[in-house]
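Novice: Return a 3D structure for these sequence lines:
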Amino acid sequence: YLSVDTEFHSENRYYPSLMLMQIGDMEGNAWLIDPLAVQVEPLGQVLKHKTLLVHGGREDIKLLYHHLGLRPKKVFDVQIAAGLLGLSYPQRLSKIVEHFLDIAIQKESALTDWSHRPLTAKQIEYAANDVQILPLLFKKLIAQLSELNRESWAWEASMELVDQSLRPKDAGKEWFHWPIAKSLNLPAQRVLTKLLIWREGEALDRNKPPNYILPRRTAISLSRSRPESLEELRTNRKIHRGLIKKHGLHLISIIKEAEASDETYLFPTEEQQIKIKLLRSWGLLAAHRHSIDRNLLISKELAQQIITNGLQACHGWRASVLNPDIGLFISG
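Specialist: Numbering: from 1, shown residues only. You can find the predicted model right below:
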């Protein structure tokens, strides 16, 4: 077992830049590896044989994959484990440590400049503390989970996090979750889909945030107005002149291509939306009864899948908690 943590800068980047990597063992030893000074990729071959202890590991897992080529085979996330034991999810590490270990830890250095060298003694202490506390927390959480027969739930939910973190992003469907989605007509939806796919590829190539390439409000404006020429594009005062100069012709071609598409999009009906809200309300009661955080037990996405696709959408550890009550609830 090894605890793993990372410090990174994500500002104005598509891929966060790894600034520091911390590894700890079960005896309290900690190693700080400087990716600005050494090649960290070989660590991937070592860590792939280990069980990794993390806290809120989504970004850590992405960074390990991107910089070390590592897809962990076994992960335990203490944030998830705490949610299975009644704490709100997601929860800060300091709160989890205070609740389960009765230890106060300081988090002042979280947003310091991790690119600066040399690191200060305070930064080094802060970075090492997290990977030293994770093994203690793991032992405490595992013991409590075992008493409730929930240890397997924590392992399963932690590996779900790995799959979610490394799942390819479907940029074209990003707008489905925007409040404005259902107010757009079908031609606008088609244009917005194509624009978001384009901006994602451009962001990836240039290592810039997608919103830097094409702001959301601009994408929505273009999808609604659907200009047919550069001249028409220039009349829209909401669109930055630099964007028009650099990508104007290409944006026009994307809009024309999208308008020729026959793609359609399926949204929940009004009745399904009501059922989703009811199911989540019922899920809140179920979560309270089992002392599990509702966001961990039945997310909005899971509720929508159950209403749309049936009970088979609820599987694994969640099914052992929710079934067969959920079937009885849905049937009335």
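
Novice: what about the helices in the stretch 151-300 of the chain?
Specialist: 151-166, 186-206, 210-213, 216-225, 230-234, 241-259, 270-290, 294-297, 300-309 (DSSP state H, counting those that start in this stretch).

Novice: can you list these in CSV and add distance to Arg13, mean neighbour count and mean pLDDT?
Specialist: Where you see a C-beta, it was placed from the backbone N, CA and C, and this is true even at glycine. Output for those, formatted as CSV (distance: least, Cβ to Cβ, whole Å; neighbours: other Cβ atoms under 10 Å; pLDDT from 0 to 100):
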stretch, distance to Arg13, mean neighbour count, mean pLDDT
helix 151-166, 17, 18, 97
helix 186-206, 10, 19, 96
helix 210-213, 9, 17, 96
helix 216-225, 18, 19, 95
helix 230-234, 28, 13, 94
helix 241-259, 20, 15, 96
helix 270-290, 34, 15, 92
helix 294-297, 28, 19, 92
helix 300-309, 27, 17, 92
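
Novice: Redo those as CSV? Include distance to Val40.
Specialist: What follows is these, written out as CSV (distance: least, Cβ to Cβ, whole Å):
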stretch, distance to Val40
helix 151-166, 18
helix 186-206, 22
helix 210-213, 26
helix 216-225, 34
helix 230-234, 45
helix 241-259, 35
helix 270-290, 39
helix 294-297, 31
helix 300-309, 33
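
Novice: Looking at these, which is nearest to Phe176?
Specialist: helix 186-206 (9.4 Å; Cβ to Cβ).

Novice: Now do that closest one against helix 241-259, angle only.
Specialist: Angle of helix 186-206 versus helix 241-259, following axes from the mean of the first three to the mean of the last three Cα atoms, to 10 degrees, is 130 degrees.

Novice: Which secondary structure elements does helix 186-206 sit against?
Specialist: Contacts defined by 3 or more Cβ pairs under 8 Å, 6 or more residues apart in numbering; DSSP states H and E place helix 186-206 against helix 210-213, helix 216-225, helix 241-259.

Novice: now the ones you listed in TSV, with distance to Ser88?
Specialist: Shown next, in TSV, are these (distance: least, Cβ to Cβ, whole Å):
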stretch	distance to Ser88
helix 210-213	29
helix 216-225	29
helix 241-259	41
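
Novice: Compare those helices and give me the one nearest Ala287.
Specialist: helix 216-225 (32.3 Å).

Novice: Roughly how far does the residue nearest to Lys194 when sequence neighbours are not counted sit from Lys238?
Specialist: Nearest residue to Lys194, sequence neighbours excluded (Cβ to Cβ, 6 or more residues apart in numbering): Ala258, at 4.0 Å. For Ala258, the distance to Lys238 equals 19 Å [Cβ to Cβ, to the nearest Å].

Novice: now Leu328
Specialist: Computed as Cβ to Cβ, the Leu328 to Lys238 distance reads 51 Å.

Novice: Go through the helices and strands packed on helix 186-206 and name the closest to Ala319.
Specialist: When the helices and strands packed on helix 186-206 are compared (using Cβ to Cβ), the closest one is helix 210-213, at 35.3 Å.

Novice: Extract the CA atoms of the closest one and return them as CSV.
Specialist: What follows is helix 210-213, C-alpha atoms only, in CSV (Å, rounded to 0.1, in the frame of the first residue of the first chain):
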residue,chain,number,x,y,z
PRO,A,210,-11.8,25.1,-23.8
ASN,A,211,-13.5,28.3,-22.6
TYR,A,212,-10.4,30.2,-23.6
ILE,A,213,-10.7,28.9,-27.2
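
Novice: what residues does that helix touch?
Specialist: Under the contact criterion Cβ atoms under 8 Å, 6 or more residues apart in numbering, helix 210-213 has outside partners Asn12, Tyr14, Ala171, Leu196, Arg199, Glu200, Glu202, Ala203, Arg206.
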